[in-house]
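Coordinates for the following, if possible.
(chains A, B, C and D)
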Protein chains: 2
Amino acid sequence: MTPRADHLTVEVVDLIGTVVARYHEEYEHAASQHSLTGAQARVLGLLSAEPLPMRRIAQRLKCEPSNITGIVDRLESRGLVERRPDPADRRVKLAAPTDEGRRTAEALRGSLHFAREPLSRLTVTERTLLKELLQRMLGTAPE
Amino acid sequence: MTPRADHLTVEVVDLIGTVVARYHEEYEHAASQHSLTGAQARVLGLLSAEPLPMRRIAQRLKCEPSNITGIVDRLESRGLVERRPDPADRRVKLAAPTDEGRRTAEALRGSLHFAREPLSRLTVTERTLLKELLQRMLGTAPE
DNA sequence: TCCTGATGCTTCAGTAACTGAAACAACCAT
DNA sequence: ATGGTTGTTTCAGTTACTGAAGCATCAGGA
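Numbering: from 1, shown residues only, chains lettered A, B, ... in the order given. You can find the predicted model right below:
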């Protein structure tokens, strides 16, 4: 009963691959419309929710902290992000979006077509169904 | 009737974002287990289906041809890919996997857990449903 | 046949993303 | 205070990527 590579599963995986590719395309496109790289857009998006220490950003993005230094440098030199001291720990630097950074992050979210265009082909019932299937798949289903 | 940012849609988009992130993680991980970068793995995967001119690889990966030169260079220097002349057009070079390249591509496919692990949480009926929803969403539904 | 323009690949310069090691400051427990 | 740990940066080195320039080849006319 081990469906090593049954036809249906392969088809679904292929579809997910297509979704991933399209999502990426759109994300990079939206980012470059605001003169950001994908990595910069991801960091800015994270920070727009909440200022974070460098180290946490690296954890979220699953990369080395030394990498984040450079990305935040570039965002900072463009006035989208600033580094603040952490009052609780003087080793830590908190990266926080500036007002302009927040505006850019907002605009970025808005230009992400992926939210609207492909999903608009589904009815509300179908969207709910899709949501539940994805939750089960990801193991994040509420019990 | 423009669901600008209705709650359900946002939730689904978030879930898709999670799927995308997890897919990428696994892909990069699988690639690095074979000492390949993500880009190299993608090119090798493409070629394992069929040898291709540089130009076509660039189109598929949506990047500049000059970029592909470097990636294929690295694959070639590791003996996974070779460049052959195209008998029909002497300008063209076909990139084709070597035997070892084919074996590596095969092993890579095998170590892609994403195919099995998350989907195994769904029943056959659910998988079929998911397939249909994704097809409709991507606009590739068979009418 | 000889131009001429388009096409396919590479080379080059320049930037961004990334890793891993080393350095430094500040933290924390003894 | 000592010493180990942690957070950030710096540095060297690799890969991925773009855009411009160059070279060879092709394909269509005059």
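
can you give me the helices for chain A?
A:7-33, A:38-49, A:54-61, A:65-77, A:99-110, A:124-138 (DSSP state H).

for the ones you listed, which one sits closest to B:A58?
Among the helices of chain A, the nearest to B:A58 by CB to CB is helix A:7-33 (14.7 Å). Backbone N, C-alpha and C define where each C-beta goes, glycine included.

Now that closest one: buried residues?
A:9, A:11-13, A:15-16, A:19-24, A:26-27, A:30-31 (16 or more other CB atoms under 10 Å in any protein chain shown).

Just give the number of residues close to the residue lying closest to A:E106 once chain neighbours are set aside.
Excluding the flanking residues, the one nearest A:E106 by CB to CB, 6 or more residues apart in numbering or on different chains is A:S48, at 7.4 Å. Burial of A:S48, expressed as a neighbour count using other CB atoms under 10 Å in any protein chain shown, amounts to 20.

Look up how far DNA strand D lies from A:S48.
As defined by CB to the nearest atom of the strand, to the nearest Å, A:S48 lies at a distance of 18 Å from DNA strand D.

can you pull the contacts of that residue?
The neighbours of A:S48, taking CB atoms under 8 Å, 6 or more residues apart in numbering or on different chains as the test, are A:P97, A:G101, A:R102, A:A105, A:E106.

before we move on, what about A:H7?
A:H7 touches nothing, counting by CB under 8 Å, 6+ apart.

just A:G17 next, same as before
A:G17 touches B:Y23, counting by CB under 8 Å, 6+ apart.

sorry, back to before: how confident was the prediction at the residue nearest to A:E106?
pLDDT, A:S48: 97.

Please indicate which of the contacts of A:S48 are buried?
A:P97, A:G101, A:R102, A:A105.

Now do A:T104 against DNA strand D, distance only.
In terms of CB to the nearest atom of the strand, A:T104 sits 21 Å off from DNA strand D.

The worst-scoring helix or strand of chain A on mean pLDDT close to DNA strand D?
Scoring the helices and strands of chain A by mean pLDDT, DSSP states H and E places helix A:7-33 at the bottom, with a mean of 90. No. Helix A:7-33 is not in contact with DNA strand D by CB under 7 Å from any atom of the strand; minimum separation 9.0 Å.
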